[in-house]
Each structure stands twice: as structure tokens, then as C-alpha cells.
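In: Okay, sequence plus prediction incoming.
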Amino acid sequence: MNGYEDGTFRPERLISRAELAVIVSRVLALNVDEQATSSFDDSHDIPSWAQSQVAAANQNGILSGRGNNMFAPNENVTRAEAVVVILALYDKMK
């Protein structure tokens with residue numbers, strides 16, 4: 001994991017869904033197509049640094065949208081979403 005541009009890590013901050021997608025794709029060493037984009041209706045809201053990782057995490061069944069084909073990339077990860085991701089990671093790493 002990398003920190004922020006200013007060299008800080010900020011462990012007390014909540015994690016956004018876009019940040020989680022990047023973390024998951026790195027942990028699983030997913031094959032990420034740097035040109036890939038997702039088909040979510042709010043894909044224009046996904047930061048450029050997370051676009052391809054969101055697409056990869058979604059294509060691999062790790063992260064899904066929140067309904068109405070929305071990803072909500074800048075929303076904080078909920079506890080329920082974190083559990084789903086942890087279970088998916090566990091299944092993928094078996």
C-alpha cells in the first residue's frame with residue numbers, strides 16, 4: 001500500500017470505495033488493463049487513478065455497485081461491504 005502524495009498514510013481516515021478497489025486489486029495482483037473502464041452509470045465520478053482497478057475488481061466479482069448501476073466511488077466503505085470484500089478475498093486466496 002502506498003500513502004498519499006504528501007508522504008502521509010492517514011490510518012485514521014475512512015476508506016472510499018475507489019481506494020478499496022485499488023487495495024483489493026493490488027492485494028490479489030489482479031490483471032489490470034490500464035485502459036479499462038467500468039460500465040457503472042457514475043463511472044465519470046471514479047478518480048482516474050482508480051478507473052482500471054474498479055473495473056478489474058468488478059470483473060473479478062470482488063466489488064459490485066450499490067444499486068441502480070452506481071458504484072459510488074467517493075462514498076465510504078460500509079462495514080457490510082468490508083465483510084463482503086474480506087470474504088471474497090478469502091475465497092480468491094484459497
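Out: Received it, and whenever you're ready, just let me know what you need. Numbering: from 1, shown residues only.
In: Would you point out which residue is most central in this structure?
Out: In the chain, the centroid-proximal residue (C-alpha atoms, centre = their mean) is residue 21; its distance is 1.3 Å.
In: I figured that one hits residue 59, correct?
Out: No - counting by C-beta atoms under 8 Å, residue 59 is not a contact partner of residue 21; they are 11.1 Å apart. All C-beta atoms are positioned from the backbone trio N, CA, C, and that covers glycine.
In: what separates residue 46 from residue 87, distance-wise?
Out: Distance, residue 46 to residue 87, by C-beta to C-beta, to the nearest Å: 23 Å.
In: More neighbours: these two, which one.
Out: residue 46 (23 against 11; other C-beta atoms under 10 Å).
In: I'd like to know which elements the least confident helix or strand in the chain by mean pLDDT is packed against.
Out: None of the helices or strands of the chain scores lower by mean pLDDT, DSSP states H and E than helix 79-93, at a mean of 88. For helix 79-93, the packing partners by 3 or more C-beta pairs under 8 Å, 6 or more residues apart in numbering; DSSP states H and E come out as helix 17-27.
In: CA atoms of the helix or strand just after the helix it packs on as PDB?
Out: Sequence order places helix 51-59 as the next helix or strand after helix 17-27, per DSSP states H and E. Presented in PDB, the C-alpha positions along helix 51-59 are these (Å, rounded to 0.1, in the frame of the first residue of the first chain):
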ATOM      1  CA  GLN A  51     -10.600   3.600 -13.000                       C
ATOM      2  CA  SER A  52      -8.900   0.400 -14.100                       C
ATOM      3  CA  GLN A  53      -8.800  -1.100 -10.700                       C
ATOM      4  CA  VAL A  54     -12.500  -0.600 -10.100                       C
ATOM      5  CA  ALA A  55     -13.100  -2.300 -13.500                       C
ATOM      6  CA  ALA A  56     -10.800  -5.200 -12.500                       C
ATOM      7  CA  ALA A  57     -12.300  -5.700  -9.100                       C
ATOM      8  CA  ASN A  58     -15.800  -5.600 -10.500                       C
ATOM      9  CA  GLN A  59     -15.000  -8.000 -13.300                       C
END
